[in-house]
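Q: compute the structure for the input listed below.
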Amino acid sequence: MAEDFCVRQGTLEDIDDLLVMYTEVQEAVAGTDNDPLWRVGVHPCREQLEAAVEADALFVGFKDGQVVGALVCDETAAPGYEAVPWQVDAAPGEFVTIHLFGMHPAFRGQGLARPFMEAVEAEAARRGYGAVRLDTLITNVGAQRTYERLGYQNMGRHHLTYGTYIDTEEPRFVLYEKAL
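A: As a prediction, this is how the structure comes out:
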């Protein structure tokens, strides 16, 4: 269970382990309904994780001393977030966005996503944010089920301009929000 589980701010010393974890996550979910289509080394990459450490935005979950998951929680939002009819009236700087949430395949199905996200949500509330927002590809149905189980409100499909994802005629992202 989650008794031996903890979440803490990530450090530069964690990055090598996290890149391995993200690679193992991508390999395990490739081609499934939980595939985020990451290209480890490009997204996520060392530079992104280092920047997240510098911004106090990298969170790492551990169970029995092993890395089980990680995510970035910061104020950055892709172009297109401003067009979403959010339930929480929060201007930029008043909400945080979850990025790169991954759980190591060996620890999936153990109920750790809930305490992980609750720890990050509690920290976001402590820092004064009014909402947590996130997005996932429309094909990433597994992640969508997880976010909905965790109390995130599905805000529908939307267009985003995001890194290597070029906006298309049809929306490619499902966005979520949770009030704090």
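
Q: setting the sequence-adjacent residues aside, check what's closest to Phe95.
A: Once flanking residues are discounted, Phe95 sits nearest to Ala131: 4.3 Å by C-beta to C-beta, 6 or more residues apart in numbering. For every residue, glycine as well, the C-beta is placed using N, CA and C.

Q: now do Phe101
A: Per C-beta to C-beta, 6+ apart, closest to Phe101 is Leu71, 4.0 Å.

Q: which helices and strands sit right next to the helix or strand that neighbour falls within?
A: Assigned by DSSP states H and E, Leu71 belongs to strand 66-74. Applying 3 or more C-beta pairs under 8 Å, 6 or more residues apart in numbering; DSSP states H and E, one finds that strand 66-74 contacts helix 15-29, helix 46-54, strand 58-63, strand 95-103, helix 113-126.

Q: in JSON lines, list the ones you listed along with mean pLDDT, distance to Gly156 and mean neighbour count.
A: Formatted as JSON lines, the helices and strands packed on strand 66-74 follow (pLDDT from 0 to 100; distance: least, C-beta to C-beta, whole Å; neighbours: other C-beta atoms under 10 Å):
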{"stretch": "helix 15-29", "mean pLDDT": "97", "distance to Gly156": "24", "mean neighbour count": "18"}
{"stretch": "helix 46-54", "mean pLDDT": "98", "distance to Gly156": "27", "mean neighbour count": "16"}
{"stretch": "strand 58-63", "mean pLDDT": "97", "distance to Gly156": "27", "mean neighbour count": "22"}
{"stretch": "strand 95-103", "mean pLDDT": "97", "distance to Gly156": "17", "mean neighbour count": "22"}
{"stretch": "helix 113-126", "mean pLDDT": "97", "distance to Gly156": "21", "mean neighbour count": "17"}
